[in-house]
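# build the 3D model from these lines:
(2 chains)
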Protein chains: 2
Amino acid sequence: MQIIKKRRSIRRYSDKPVLKEDIQAIIEAGIWAPSGLNNQPWRFKIVANKKQKDGLAQFTKYGHIIKSAPISVCIFLDKSVMYNRDKDIMAIGACIQNMLLQAYELNIGTCWLGEILNQREAVEKYLELNTDYELMAVITFGYSDKMDGQGSRKKIESFIIK
Amino acid sequence: MQIIKKRRSIRRYSDKPVLKEDIQAIIEAGIWAPSGLNNQPWRFKIVANKKQKDGLAQFTKYGHIIKSAPISVCIFLDKSVMYNRDKDIMAIGACIQNMLLQAYELNIGTCWLGEILNQREAVEKYLELNTDYELMAVITFGYSDKMDGQGSRKKIESFIIK
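This next block holds a predicted model:
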């Protein structure tokens, strides 16, 4: 609960690099999310070199976050294994949440970028991927001295239907 | 990581009741999921009495799981606050994953039921809800002596795009 509540978006990162084995552990956490029929519809593209980061950054108005982060991971839905779009997209959300929590546990800051989906097809074309892969999100990873803080949520009562 | 990897679906429960405050804590974990523009699109309907459980159970071939569980929670997307369907559904997935992890930490078994979405409109009608609420999943909660075990995933390499 502490990890869940304290995790928050980090949009500016220090120069400290992120270890490949940490990214591996974060993706490992992601793939242990549940999915309908255990179809595991998530796919990941790691973007770590400057050229690719700059390329990716051009497709979102939050490109400065991608440029600031040592590593970004693009998350895709593999439509070739899809069986129910809504359920598969929920599974991707569960996968991303695992990644954010695992990163936080490793003291790595993250930002879940969604605005880039407005240019999803252009990103997919830029990355020259299998056309079965549909972009769902980009997650940035890096270190920050501003990991603490607190998000805000409405009161729990406002979400519970009587 | 341990919680993420050990959590698995529990489909049969003991008679031991689930405390209301534990369900409260589980929903609290859910609402701390991230959402686009922090729109917090999740809504919850707690189903705990026998009549409502039996009523809900009739809409899925996995009704026996709902009947066996002391408590189920129906998760809805509030379409009145929706801003991007895919992103909102991912947020719901993140919310559900938080709930599953928090439940596991409380030693409460869960099962994420999706097949019931095939009769989504009938469920919404049965529960007599605001028509803005679209059913996304039903999660069952209860105790079991079979919390241990291990799911299976393909190798991490098979998900990473070169």
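# buried ones in the longest helix seen in chain A?
Assignment by DSSP state H gives helix A:85-105 as the longest helix of chain A. Neighbour-count burial for helix A:85-105 flags A:86-104 (criterion: 16 or more other C-beta atoms under 10 Å in any protein chain shown). Yep, even glycine has a C-beta here, placed from its N, CA and C like the rest.
# what's the next helix or strand after it in contact with?
Once helix A:85-105 ends, the next helix or strand along the chain (criterion: DSSP states H and E) is strand A:109-113. With contacts defined as C-beta atoms under 8 Å, 6 or more residues apart in numbering or on different chains, strand A:109-113 is touched by A:7, A:9-11, A:13, A:60, A:62, A:65-66, A:69, A:96, A:99-100, A:103-104, A:137-144, A:146-147, B:34.
# now the element after strand A:109-113, going C-ward?
helix A:120-127.
# now the longest helix of chain A against helix B:85-105, angle please.
60 degrees (axes from the mean of the first three to the mean of the last three C-alpha atoms, to 10 degrees).
# mind listing what's buried in stretch A:154-162?
A:159-160.
# how far does that stretch sit from its chain's centre?
27 Å (C-alpha atoms, centre = their mean, to the nearest Å).
# what about it, start to end distance?
17 Å (C-alpha to C-alpha, to the nearest Å).
# would it count as contacting chain B?
Yes. Under the criterion of C-beta under 8 Å from any C-beta of the partner chain, stretch A:154-162 makes contact with chain B via A:154, A:156, A:159-161.
# report the closest residue of chain A relative to chain B.
When scored by C-beta to the nearest C-beta, chain A has A:Gly93 as its residue closest to chain B, at 2.6 Å.
# check contacts around that residue.
Applying C-beta under 8 Å, 6+ apart, the residues contacting A:Gly93 are B:89-97.
# from the centroid of chain A, which residue is nearest?
Geometric centre of chain A, nearest residue: A:Ile139, 3.1 Å, by C-alpha atoms, centre = their mean.
# now do the helices in chain A.
In chain A, the segments counted as helices under DSSP H are A:2-6, A:20-31, A:50-57, A:63-68, A:85-105, A:120-127.
# worst mean pLDDT among those helices?
Across those, helix A:2-6 has the smallest mean pLDDT, namely a mean of 88.
# just the CA trace of it, in PDB.
Taking C-alpha atoms only, helix A:2-6 is exported to PDB below (Å, rounded to 0.1, in the frame of the first residue of the first chain):
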ATOM      1  CA  GLN A   2       2.900   2.300   0.800                       C
ATOM      2  CA  ILE A   3       4.400   1.800  -2.600                       C
ATOM      3  CA  ILE A   4       1.100   2.200  -4.300                       C
ATOM      4  CA  LYS A   5       0.300   5.500  -2.500                       C
ATOM      5  CA  LYS A   6       3.700   7.100  -2.700                       C
END
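# and it, what does it pack against?
Judged by 3 or more C-beta pairs under 8 Å, 6 or more residues apart in numbering or on different chains; DSSP states H and E, helix A:2-6 is in contact with helix A:85-105, helix B:85-105.
# okay, buried residues for that helix please.
Here helix A:2-6 shows A:3-4 as buried, counting by 16+ other C-beta under 10 Å.
# what sits up against it?
So helix A:2-6 is contacted by A:101, A:104-105, A:148, A:150, B:29, B:32-33, B:98, B:101-102 (C-beta under 8 Å, 6+ apart).
# quick one, what contacts the residue nearest to A:Glu28 when sequence neighbours are not counted?
Once flanking residues are discounted, A:Glu28 sits nearest to B:Ile156: 5.6 Å by C-beta to C-beta, 6 or more residues apart in numbering or on different chains. Counting by C-beta under 8 Å, 6+ apart, B:Ile156 touches A:24, A:27-28, A:31.
# fine by me, we can end here.
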